[in-house]
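Peer 1: kindly generate the corresponding structure for this input.
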Amino acid sequence: MRLIFLSLLLLVAAAVIVRADGISVSQSLDKSQLAFDDSATFEITLQWPGSQFAYRFPQPLDPQFEKLRVGRFESSVTSKGSGAGEITYKTFRYTLLPLAAGEGRIEPVRISYLTAPDSIPGEVVTEGMSVTIAAPPPIPEQRRAPLVWVWVAVWTVLVAGAVAAGVMIRKRRRAVPPVPVKTPKDKALEELASVRKEAGEDLKRFQAGVYRVLADYLQARFDIRADELDDQKLVEAIMGTDLPAGARSKLADWVVTARMDKFRPVAGAPGETLRRASDIREMLETT
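Peer 2: Presented below is the predicted three-dimensional model:
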């Protein structure tokens with residue numbers, strides 16, 4: 001009997017250790033009461049021991065909301081410690097806006113992952129959450145003018161507006177030259193020059209700016225939303241574009257490396273930021 005009890009005790013202890021050493025999930029909602037013209041922040045944080053590459057997330061999150069919509073989405077990955085003591089945190093942040101008064105619901109979110117390097121699948125699930133949404137403020141009543149005078153006022157405003165608009169359009173056509181439309185490449189080149197100038201020899205600051213420039217370029221030209229994709233999905237999306245093969249590989253490497261450099265110590269030799277800026281500019285100008 002004592003042997004059986006000790007065996008069960010060891011089994012429970014082993015199960016706790018597996019759970020503690022694996023991936024865990026936590027969540028938070030910064031408000032329980034929400035005004036109709038306000039917003040709430042919903043966060044999901046994954047934590048695991050090891051580096052950022054210990055787990056991969058093959059599918060984007062698909063949270064379901066009731067009486068709420070997503071106004072903004074952000075994700076980030078950070079690591080603390082090093083070696084055997086390294087701990088990684090991956091955070092998904094949603095800014096939620098009300099759609100209707102009442103109880104706003106956040107349904108449980110399933111998060112699938114693969115362990116590296118053996119690609120063993122796993123899944124964690126958040127708990128459902130709710131927030132009470134206040135009714136919108138009433139529209140103040142206005143005194144009604146007689147219907148005839150309302151129509152007179154409407155037509156007067158329309159006619160005066162049409163005349164003023166015509167005059168303004170003619171003046172602008174004569175005085176202001178048309179503004180050239182900038183392509184995604186033009187915008188990226190301008191922003192890259194600004195990032196290089198502001199960062200100087202600070203490689204970490206330069207890499208943070210480069211990631212933003214290339215992420216905006218990918219979204220504007222190919223509708224690839226880098227902020228919503230993990231590293232593997234981002235590389236696959238870039239490799240599926242119509243860029244030349246060499247340019248696709250370089251672009252994928254630059255974006256992923258720049259994103260990782262935002263969250264880890266980096267250092268470069270003198271002139272490193274200038275060299276990287278020149279390589280990126282050459283790729284943009286020739287594709």
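Peer 1: please name the residues that touch the nearest residue to Glu285 once chain neighbours are set aside.
Peer 2: Distances taken as Cβ to Cβ, 6 or more residues apart in numbering place Leu189 nearest to Glu285, at 7.1 Å, with adjacent residues excluded. Placement of C-beta: from N, CA and C, glycine included. Counting by Cβ atoms under 8 Å, 6 or more residues apart in numbering, Leu189 touches Arg281, Leu284, Glu285.
Peer 1: and Leu189, what element?
Peer 2: helix 184-199 (DSSP states H and E).
Peer 1: which strands or helices does whichever helix or strand comes after that helix pack on?
Peer 2: Sequence-wise, the next helix or strand downstream of helix 184-199 (DSSP H and E) is helix 203-222. Judged by 3 or more Cβ pairs under 8 Å, 6 or more residues apart in numbering; DSSP states H and E, the packing partners of helix 203-222 are helix 184-199, helix 231-239, helix 245-261, helix 272-285.
Peer 1: pLDDT weak spots in this protein?
Peer 2: Low-confidence segments of the chain, defined by pLDDT under 70: 1-21, 141-150, 173-179.
Peer 1: point to the residue nearest the middle of it.
Peer 2: For the chain, Glu74 is the residue whose C-alpha lies nearest the centre (Cα atoms, centre = their mean; 3.2 Å).
Peer 1: next, the contact list for the nearest residue to it once chain neighbours are set aside, please.
Peer 2: Nearest non-adjacent residue to Glu74, counting by Cβ to Cβ, 6+ apart: Arg93, 4.5 Å away. Neighbouring residues of Arg93 by Cβ under 8 Å, 6+ apart: Thr41, Phe42, Glu43, Phe73, Glu74, Ser75, Ser76.
Peer 1: who wins for most neighbours among those residues?
Peer 2: Among the contacts of Arg93, the one with the most neighbours (other Cβ atoms under 10 Å) is Phe42, at 23 neighbours.
Peer 1: what's the burial count for the residue nearest to Val77 when sequence neighbours are not counted?
Peer 2: Nearest residue to Val77, sequence neighbours excluded (Cβ to Cβ, 6+ apart): Lys90, at 4.9 Å. The local packing of Lys90 (other Cβ under 10 Å) involves 22 other residues.
Peer 1: quick check: Lys90 is in a strand.
Peer 2: Yes. Lys90 forms part of a strand when assessed by DSSP: H, G, I helix; E, B strand; the rest coil.
Peer 1: quick one: it from Ala220, how far?
Peer 2: 26 Å (Cβ to Cβ, to the nearest Å).
Peer 1: circling back: which residues does the residue nearest to Val77 form a beta bridge with?
Peer 2: Beta-bridge pairing for Lys90 (DSSP bridges): Leu46, Val77.
Peer 1: coming back round to it: got the helices and strands packed on helix 203-222 as JSON lines, with distance to Glu123 columns?
Peer 2: JSON lines is the format used below for those (distance: least, Cβ to Cβ, whole Å):
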{"stretch": "helix 184-199", "distance to Glu123": "37"}
{"stretch": "helix 231-239", "distance to Glu123": "18"}
{"stretch": "helix 245-261", "distance to Glu123": "25"}
{"stretch": "helix 272-285", "distance to Glu123": "38"}
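Peer 1: and of the ones you listed, who's closest to Trp155?
Peer 2: Of all those, helix 184-199 sits nearest to Trp155, with 43.7 Å by Cβ to Cβ.
Peer 1: that closest one vs helix 272-285, what angle?
Peer 2: Here the directions of helix 184-199 and helix 272-285 differ by 170 degrees (axes from the mean of the first three to the mean of the last three Cα atoms, to 10 degrees).
Peer 1: restricting to C-alpha, output helix 184-199 in CSV.
Peer 2: Taking Å, rounded to 0.1, in the frame of the first residue of the first chain, the C-alpha atoms of helix 184-199 are listed here in CSV:
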residue,chain,number,x,y,z
PRO,A,184,5.5,52.0,-51.8
LYS,A,185,9.1,51.9,-53.0
ASP,A,186,9.4,55.7,-53.0
LYS,A,187,8.0,56.0,-49.4
ALA,A,188,10.3,53.2,-48.2
LEU,A,189,13.4,54.9,-49.7
GLU,A,190,12.5,58.2,-48.0
GLU,A,191,11.8,56.6,-44.7
LEU,A,192,15.0,54.5,-44.9
ALA,A,193,17.1,57.6,-45.4
SER,A,194,15.4,59.3,-42.4
VAL,A,195,16.0,56.2,-40.2
ARG,A,196,19.7,56.0,-41.2
LYS,A,197,20.1,59.8,-40.4
GLU,A,198,18.3,59.6,-37.0
ALA,A,199,20.0,56.3,-35.8
